[in-house]
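Novice: Got a predicted model here, sequence first, then my questions.
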Amino acid sequence: MKMANPTLGIGIYLLLFFALLGVVGLEGCATVSQSEACKKYVACLSARDAKLGVSTDVKRFENGGACWGGPEGADLCTRACSSGLSWLQKSYTSLPSACN
Amino acid sequence: MRYKILLVLMLLASGLAVVNAHRPGTIKATTSVSNPYVSWVFAGIFEKGDEVFVLKMDMERAFAMPFEIFVPRQEIFRDFRPRYAIVGPGLPKPSRLTQALLPKPVPKGMGVFYEANDKPTREVFFETVMRRAMWSSGTIAIPLQKGKYEVWMWSPDGDIGKFQFAFGVEEKFDDGAFDSIFEDWGLYAY
């Protein structure tokens, strides 16, 4: 069967595609809340910094940081914070209580 | 034909819509990181298996970020597990056992984070720009202090193959960020 108006056919495909792209794009840009693992990691480093007299830049892991711009990055950061906190606990003997 | 062109455009645009990427670089012997505060992926290859690649990072301020090392998820690399160590100030002093596992001595006064890359089951990471699956050592956030750091990468069993070392979170893609992909295409598109 021949389509009555080929331009209209392509137009419908384009419309559906851009609607889908909008949904995917919004999902990709969706912000995610700071994870519990990164809350703990940031709290630990903050307490450790106070003890050492330094100031570590942890902005990416903080609430609203670059980690929480989408699900993929958020998952990576959450795993990194969890492993990072475990490593701190194993590697340093005199950590502040916020690191427990 | 018109539909094929449309399909290609749709696939390209779909890929761009979900990109979440590191800035690419190529590692050859010793390489300095120009801006260690943004996310990078450095690609390299163990051609002989006895190389020790060195990535130099000069931190002007204390900074915590994730690190991990990848190899292509291909059957021939099932047992390929390159290791890495971050060496610099503020990190724990290595034990004798750890020092024995490193490819060279840790300088006096410096500490080390050592990644053995020996988890029984490795994480699989799908890299969305080149659309390749990689095995990861597992990402870990390490706090660095102000000072000069080196990352040593080596292949403990002398295995050969391609690898990628990634770190950081914040993206920066201006000033020809993707040039090294086109210069060393084979390292990224395994």
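Specialist: Yep, it's here.
Novice: What is the burial count for residue B:48?
Specialist: 9 (other C-beta atoms under 10 Å in any protein chain shown). From N, CA and C alone the C-beta is placed, and that goes for glycine too.
Novice: Apart from its chain neighbours, what residue comes closest to it?
Specialist: In space, and not counting its chain neighbours, residue B:48 is closest to residue B:160: 6.9 Å by C-beta to C-beta, 6 or more residues apart in numbering or on different chains.
Novice: right, and the one you found touches residue B:44 too?
Specialist: No: the pair residue B:160 / residue B:44 is not scored as a contact, 11.5 Å apart, by C-beta atoms under 8 Å.
Novice: Which one of the two is surrounded by more residues?
Specialist: In this view residue B:160 and residue B:44 are compared by other C-beta under 10 Å, and residue B:44 has more residues nearby, 22 against 14.
Novice: Assign the more buried one to helix, strand or coil.
Specialist: Put simply, residue B:44 is strand when judged by DSSP: H, G, I helix; E, B strand; the rest coil.
Novice: so what's the residue lying closest to it once chain neighbours are set aside up against?
Specialist: Nearest residue to residue B:44, sequence neighbours excluded (C-beta to C-beta, 6+ apart): residue B:27, at 4.0 Å. Counting by C-beta atoms under 8 Å, 6 or more residues apart in numbering or on different chains, residue B:27 touches B:42-44, B:53, B:55, B:153, B:165.
Novice: ok, and the most crowded of the residues you listed?
Specialist: Most crowded among these, counting by other C-beta under 10 Å, is residue B:42 at 25 neighbours.
Novice: my guess is it meets residue B:25, correct?
Specialist: Yes: assessed by C-beta under 8 Å, residue B:42 is found in contact with residue B:25 at 4.6 Å.
Novice: if I look at those two, which residues touch both of them?
Specialist: Counting by C-beta under 8 Å, 6+ apart, the contacts common to residue B:42 and residue B:25 are residue B:31.
Novice: Now residue 33: phi and psi?
Specialist: No chain in the question, so chain A it is. The phi/psi pair for residue A:33 (degrees, to the nearest 10) reads phi -70, psi 150.
Novice: wrong one, I was asking about chain B
Specialist: Per-residue torsions, residue B:33: phi -90, psi 120 (degrees, to the nearest 10).
Novice: Repeat that for the one 3 residues further on.
Specialist: When quoted as degrees, to the nearest 10, the phi and psi of residue B:36 stand at phi -80, psi 0.
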